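1. 3D model of this:
(one chain, ligands or ions: 2)
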Amino acid sequence: MIAAGAKSMLGLSIASPKGISDSSSRSVGVLRACVSMEGSQTMSHNKNGSIPELKAVNGHTGQKQGPLSTVGNSTNIKWHECPVEKADRQRLLDQKGCVIWVTGLSGSGKSTLACALNQKLYQKGKLCYVLDGDNVRHGLNRDLSFKAEDRAENIRRVGEVAKLFADAGIICIASLISPYRVDRDICRTLLPEGDFVEVYMDVSLEVCEARDPKGLYKLARAGKIKGFTGIDDPYEPPLNCEISLGQEGTGTSPIEMAETVVAYLEHKGYLNA
Ligand SMILES: Nc1ncnc2c1ncn2[C@@H]1O[C@H](COP(=O)(O)OS(=O)(=O)O)[C@@H](OP(=O)(O)O)[C@H]1O
Ligand SMILES: Nc1ncnc2c1ncn2[C@@H]1O[C@H](COP(=O)(O)OP(=O)(O)O)[C@@H](O)[C@H]1O
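-> Ligands and ions are numbered 1, 2, ... in the order given. Reported below is the predicted structural model:
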């Protein structure tokens, strides 16, 4: 099936991030690129699920191009559509791409949950990828410190990368302290409704500090690390996250927590295309 005449319109709009309270430590407006595509080609599968032959693509058919845009400091840019779309990739994987955003204090169990969840989903034949704050700071975000602006940039970049993973059809687990509500809410606005699942590790500072697996709380208490989250830097817990883990009376082992998240994903239909 060859569809022709793909046209695109690209506009910019200012949107307020969902659920941001004025009392938030940091308050920003969100400049969001709203992209609307008309007549873009969709690759339809044959009845047996195989993919039909490739066809001419928007931008390669000599069609008149839509307007150019400016997004941030990027001038004269234009969005290009591909004939293989998110829905096609999701069918291939038999799952829906989404972002599981795990937030909480250092030592609250974010990385442990991320790995346990990854393992559970892998066992079910589902494709996941973990973006862990500590790990991403070894590469992509190695230029960022822990001051508020750099933490915000850290979250923004990981939010954008996670969005690409979700668009690839992958279940992306992002585990970062992400201390500011506004930064997490901005990441939420990057994704379609429902595709951003915020998981709060509701574990007290006392418990995290008692665990102190890297000795960082001890160093922070001794004044050897400045601006440590929970000690002399803020952490803003979510106000309306999808899943809250760690409270008394709920399954608090990493496996039980991962099972809670898997059950949520199953219930919401993310584990099938
Ligand atoms: N000042 C300060 N505050 C908090 N954490 C610190 C700090 N300095 C270093 N670390 C180590 O960095 C890990 C957190 O990185 P993140 O990218 O998740 O942080 S943030 O989201 O940008 O706040 C964090 O890892 P986790 O313990 O896994 O959370 C720490 O190991
Ligand atoms: N659900 C849990 N119950 C008890 N201890 C846990 C749990 N999850 C993690 N831990 C332990 O707590 C410490 C911090 O876990 P980690 O996953 O590294 O936290 P974070 O990534 O939030 O810093 C580790 O020693 C880990 O073994």
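2. could I get the full set of strands for the stretch 1-150 of the chain?
-> 7-15, 30-38, 69-71, 74-77, 98-103, 128-132 (DSSP state E, counting those that start in this stretch).
3. what's the nearest residue in this protein when you look at ligand 2?
-> Gly109 (2.9 Å; Cβ to the nearest ligand atom). C-beta coordinates here come from the backbone N, C-alpha and C atoms, glycine included.
4. which strand or helix spans Phe165?
-> helix 148-167 (DSSP states H and E).
5. angle of that helix against strand 98-103?
-> Relative orientation of helix 148-167 versus strand 98-103 (axes from the mean of the first three to the mean of the last three Cα atoms, to 10 degrees): 150 degrees.
6. ok, residues contacting stretch 234-254?
-> 19, 21, 24-25, 103-105, 108-109, 112-113, 116, 177, 179-181, 184, 197-203, 229, 256-257, 259-261, 264 (Cβ atoms under 8 Å, 6 or more residues apart in numbering).
7. check those residues against ligand 1, which are close?
-> Ile177, Pro179, Thr229 (Cβ under 6 Å from any ligand atom).
8. most surrounded residue in those residues?
-> Tallying neighbours with other Cβ atoms under 10 Å puts Pro179 at the head of these, with 25 neighbours.
9. circling back: now, the contacts of stretch 234-254 that are in helices?
-> Using DSSP state H, Thr112, Leu113, Ala116, Arg181, Arg184, Glu256, Met257, Glu259, Thr260, Val261, Tyr264 are the members of the contacts of stretch 234-254 that sit in helices.
10. number of residues surrounding the residue of the stretch 101-250 of the chain found nearest ligand 1?
-> Going by Cβ to the nearest ligand atom, ligand 1 is nearest to Gly133 of the stretch 101-250 of the chain, at 2.3 Å. Counted by other Cβ under 10 Å, the residues lying close to Gly133 total 21.
11. gap between Ile231 and Tyr200?
-> 20 Å (Cβ to Cβ, to the nearest Å).
12. actually Arg221, not the one I typed
-> From Arg221 to Tyr200 the distance is 24 Å (Cβ to Cβ).
13. and these two? Which one has more around it.
-> When Arg221 and Tyr200 are compared for neighbours, Tyr200 comes out ahead with 21 against 14, by other Cβ under 10 Å.
14. contacting residues for Asn141?
-> So Asn141 contacts Glu153, Asn154, Arg157, Val158 (Cβ under 8 Å, 6+ apart).
15. out of those residues, which are buried?
-> Those of those that meet the buried threshold are Glu153, Asn154, Val158, by 16 or more other Cβ atoms under 10 Å.
16. the stretch 101-250 of the chain against ligand 2: which residues are in contact?
-> Gly104, Ser106, Gly107, Ser108, Gly109, Lys110, Ser111, Thr112, Arg211, Pro213.
17. surely Leu131 meets Ile173?
-> Yes. Using Cβ atoms under 8 Å, Leu131 is in contact with Ile173, at 7.1 Å.
18. more crowded one of those two?
-> Neighbours per residue (other Cβ under 10 Å) separate Leu131 from Ile173, with Ile173 holding more: 28 against 22.
19. what bridges to that one?
-> Ile100, Val130 (DSSP bridges).
20. wait, isn't it in contact with Tyr129?
-> Yes. With contact defined as Cβ under 8 Å, Ile173 reaches Tyr129; the gap is 7.2 Å.
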